[in-house]
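Engineer: only geometry, no sequence info:
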């Protein structure tokens, strides 16, 4: 407790002693009122100086603690304050404990978020979350890939802007606004992908009002379709000759056997139909052997030019009968390639047989070979009816007939066999075609 | 009505345009698909789904008129609403062309097509792509891309020319096919009109952004 004492000695002299702190006594001597003021001025300066000296460390401590709590508020949990042993030690250590616990919690949450994000992004199913307005709040990588209309700019936009499909939009909006849970299969986009869309409302997930998952069924549907086609095609291809054989046998039974000339004709019929079935079964087996890799390939050095000229010779008569020009356009030098001669002959034969079937009389078929550094390209080019853009990708499928009306004669295995022979050579086969102008099939084989 | 509510209504109407656009895209796609695969059931569904498209158009029209009456919007706001009105009208007519194609498939009945219809499919797909991008330009207020989409109409016209000539040659070669070929010419015409209507939408987008009404790339048909 500071004490103030004043002693008056004479009329003009004044002594003031201020005991600011028990240890310190300030004495000022002077005369008149100004002396009083000077004394007060000095005394208060000294008191202020002492206060500053005494409290500065405490102020610094409070400042440090304030900075630390501000850092905590802004999400920095790494810094720690010096605990010390003054009256702020308790506060400091609580702050440190809070920082540590927040840091741990936020770290765990960040990790969990990263794990969930990784999980969602690893999924091949497109996943989109929307808010109650139907605005996109989250989409995973697969969704960004599936709905590329708005690019990376998709979040925050209405779902319809991102998906551009009213069926999918309806499903998702119903989940977000009315809490309806639904599943629907929708043909999506110009590529007509089959999407199974599932939309579920969610509660207690902040802005996430509904989550929708889009599972691509296109490939599954395609495979299902192929299997169905395969079974119906095989059955159909076997039933037709069987019906013929049965009819011929019945006619023979009903008396044709007595007429040797008629009997000969019907037996010939039975033989032809049996041949057709045998060919079908053989082609199926061959295809399955090549496809499964079970058929041993006999690789040897062969000349692609010779292969082409041989094929032209083999089909010469047939082309002539159909009124077609069949020519080989090959370099005079041999084009050597490593391959299975018998199988390549078969592949090339299938391609030429196809062109013969689909080229109207008066047209031409050209077989050519070109070599580049790494590969030999063998092409069969015709001036036939061509193949529609949409069909081009499918002609190499088993039993696929691009033009069912016109190509009735074939089984639909020829091009599938070509494809698998090319694959067995580690090569490829492709088609370029313009409807009404013609088609070019090209087999590319590595020269090795 | 507060500004906030007005913005919300405007946003809703723009979403409606995209929803209707998707309905029309699907109608066009399914109509040409039904012709390609000769699928009468698919054609019938295109015809019956047209009712929903017409309904959507009236719904949009109603909302537009409502907003104009209640809010008396000016300048840019008014241009947006008027554009939505016109665009929904164009979309509705495009759906009618798709319905026309579906009906052609039904009229062809059991008869086979006279030849491959690759160019027809191409016209349809190109038209659908242009439609989708024109509505993106509408949403993004992108008059530059609206202009460039208009230029693409030339590609559709070129496809129309080549299909038309091929089909005429077909009739000359096999006059008995005249009816079936005529159906295909109608199909081409419908698709050509669809692309034309896309350019009308683009003109509206340019109007909405710049306030200028200009006729861009007048079709030759």
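Structural biologist: Okay, I see it. None of the values given here were measured: they were computed from a predicted structure.
Engineer: distance from the helix or strand hosting residue A:224 to the middle of the chain?
Structural biologist: Taking DSSP states H and E as the criterion, residue A:224 maps to helix A:218-253. Put simply, helix A:218-253 sits 38 Å off its chain's centre (Cα atoms, centre = their mean, to the nearest Å).
Engineer: which elements pack onto the helix or strand following that helix?
Structural biologist: Next along the chain after helix A:218-253, taking DSSP H and E as the criterion, comes helix A:260-292. Contact analysis of helix A:260-292 by 3 or more Cβ pairs under 8 Å, 6 or more residues apart in numbering or on different chains; DSSP states H and E lists helix A:218-253, helix A:414-424 as its packing neighbours. C-beta: built from backbone N, CA, C; applies to glycine.
Engineer: these: which one's closest to residue A:144?
Structural biologist: Closest approach to residue A:144 among the helices and strands packed on helix A:260-292 is made by helix A:218-253 (18.4 Å; Cβ to Cβ).
Engineer: quick one, the closest one and helix A:260-292 angle?
Structural biologist: Counting by axes from the mean of the first three to the mean of the last three Cα atoms, to 10 degrees, helix A:218-253 lies at 160 degrees to helix A:260-292.
Engineer: tell me which other helices or strands helix A:218-253 touches.
Structural biologist: Helix A:218-253 packs on strand A:193-201, helix A:260-292, going by 3+ Cβ pairs under 8 Å, 6+ apart.
Engineer: tell me which of those sits most buried.
Structural biologist: strand A:193-201 (a mean of 19; mean count of other Cβ atoms under 10 Å in any protein chain shown).
Engineer: on that earlier part again, so which bits of the helix holding residue A:224 are buried?
Structural biologist: A:229, A:230, A:233, A:234, A:237, A:241, A:244, A:245, A:248, A:251, A:252 (16 or more other Cβ atoms under 10 Å in any protein chain shown).
Engineer: may I have the phi/psi pair for the residue of chain A found nearest chain B?
Structural biologist: Proximity of chain A to chain B (Cβ to the nearest Cβ) peaks at residue A:435, 3.6 Å away. Torsion angles at residue A:435 (phi, psi; degrees, to the nearest 10) stand at phi -50, psi 130.
Engineer: I'd say it and residue B:118 touch.
Structural biologist: Yes. Residue A:435 is in contact with residue B:118 according to Cβ atoms under 8 Å; the separation is 4.3 Å.
Engineer: which residues are common contacts for those two?
Structural biologist: A:386, A:388 (Cβ atoms under 8 Å, 6 or more residues apart in numbering or on different chains).
Engineer: name the next helix or strand downstream of the helix or strand harbouring residue A:171, please.
Structural biologist: According to DSSP H and E, residue A:171 maps onto helix A:166-178. Downstream of helix A:166-178, the first helix or strand assigned by DSSP H and E is strand A:182-188.
Engineer: sheet partners, orientation included, of that following strand?
Structural biologist: strand A:193-201 (antiparallel) (DSSP bridges).
Engineer: what mean pLDDT would you report for the strand it pairs with?
Structural biologist: Taken as a whole, strand A:193-201 has an average pLDDT of 94.
Engineer: how big is the angle separating that strand from helix A:166-178?
Structural biologist: Using the same axes, to 10 degrees: strand A:193-201 against helix A:166-178 is 10 degrees.
Engineer: so what's residue A:286 closest to, chain neighbours aside?
Structural biologist: Excluding the flanking residues, the one nearest residue A:286 by Cβ to Cβ, 6 or more residues apart in numbering or on different chains is residue A:417, at 6.5 Å.
Engineer: that older thread, of the buried residues of helix A:218-253, closest to residue B:132?
Structural biologist: Closest to residue B:132, out of all of these and judged by Cβ to Cβ, is residue A:229, at 31.8 Å.
Engineer: test my guess that that closest one contacts residue A:394.
Structural biologist: No. Using Cβ under 8 Å, residue A:229 is not in contact with residue A:394; the gap is 10.4 Å.
Engineer: shared neighbours, these two?
Structural biologist: residue A:400.
Engineer: on that earlier part again, the residue of chain A closest to chain B and residue A:380, how far apart?
Structural biologist: 18 Å (Cβ to Cβ, to the nearest Å).
Engineer: so between the two, which is more surrounded?
Structural biologist: Set residue A:435 next to residue A:380 and count neighbours by other Cβ atoms under 10 Å in any protein chain shown: residue A:380 wins out with 26 against 21.
Engineer: and the more buried one, what is it in contact with?
Structural biologist: Neighbours of residue A:380 in contact, by Cβ under 8 Å, 6+ apart: A:348, A:351, A:352, A:354, A:355, A:365, A:366, A:367, A:440, A:441.
Engineer: which of the residues you listed come close to chain B?
Structural biologist: For chain B, no contacts are drawn from these by Cβ under 8 Å from any Cβ of the partner chain.
Engineer: and residue B:206, what does it touch?
Structural biologist: B:143, B:146, B:147, B:212, B:214, B:216.
Engineer: of those residues, buried ones?
Structural biologist: Of the contacts of residue B:206, these count as buried by 16+ other Cβ under 10 Å: B:143, B:146, B:147.
Engineer: leaving out sequence neighbours, find the closest residue to residue A:423.
Structural biologist: Using Cβ to Cβ, 6+ apart, the closest residue to residue A:423 is residue A:290 (7.9 Å).
Engineer: okay, the one you found: pLDDT?
Structural biologist: 81.
Engineer: which positions in chain B make contact with chain A?
Structural biologist: Close to chain A, as judged by Cβ under 8 Å from any Cβ, chain B has residues B:11, B:15, B:18-23, B:25-26, B:29, B:33, B:36, B:112, B:115-119, B:121-122, B:125, B:128-129, B:132, B:135-136, B:139, B:166.
Engineer: which of those residues are buried, as a PyMOL select command?
Structural biologist: Under the burial definition 16+ other Cβ under 10 Å, those of those that qualify are selected in PyMOL by:
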select buried, chain B and resi 15+18+19+20+21+22+23+25+26+29+33+36+115+116+117+118+119+121+122+125+128+132+135+136+139+166
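Engineer: list the buried ones in the helix holding residue A:171?
Structural biologist: Residues of helix A:166-178 classed as buried: A:166, A:167, A:168, A:169, A:170, A:171, A:172, A:173, A:174, A:175, A:176 (neighbour count, 16+ other Cβ under 10 Å).
Engineer: quick one on the thing from earlier: would you list the helices and strands packed on helix A:260-292 in CSV and tack on mean pLDDT?
Structural biologist: Shown next, in CSV, are those (pLDDT from 0 to 100):
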stretch, mean pLDDT
helix A:218-253, 87
helix A:414-424, 89
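Engineer: would a markdown table of those helices with distance to residue A:159 be doable?
Structural biologist: Shown next, in a markdown table, are the helices and strands packed on helix A:260-292 (distance: least, Cβ to Cβ, whole Å):
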| stretch | distance to residue A:159 |
| --- | --- |
| helix A:218-253 | 22 |
| helix A:414-424 | 41 |
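Engineer: buried sites along the helix or strand of chain B with the lowest mean pLDDT?
Structural biologist: Using mean pLDDT, DSSP states H and E, helix B:153-173 stands out as the lowest-scoring helix or strand of chain B, at a mean of 90. For helix B:153-173, the neighbour count (16+ other Cβ under 10 Å) marks B:153, B:156, B:157, B:159, B:160, B:163, B:164, B:166, B:167, B:170, B:171 as buried.
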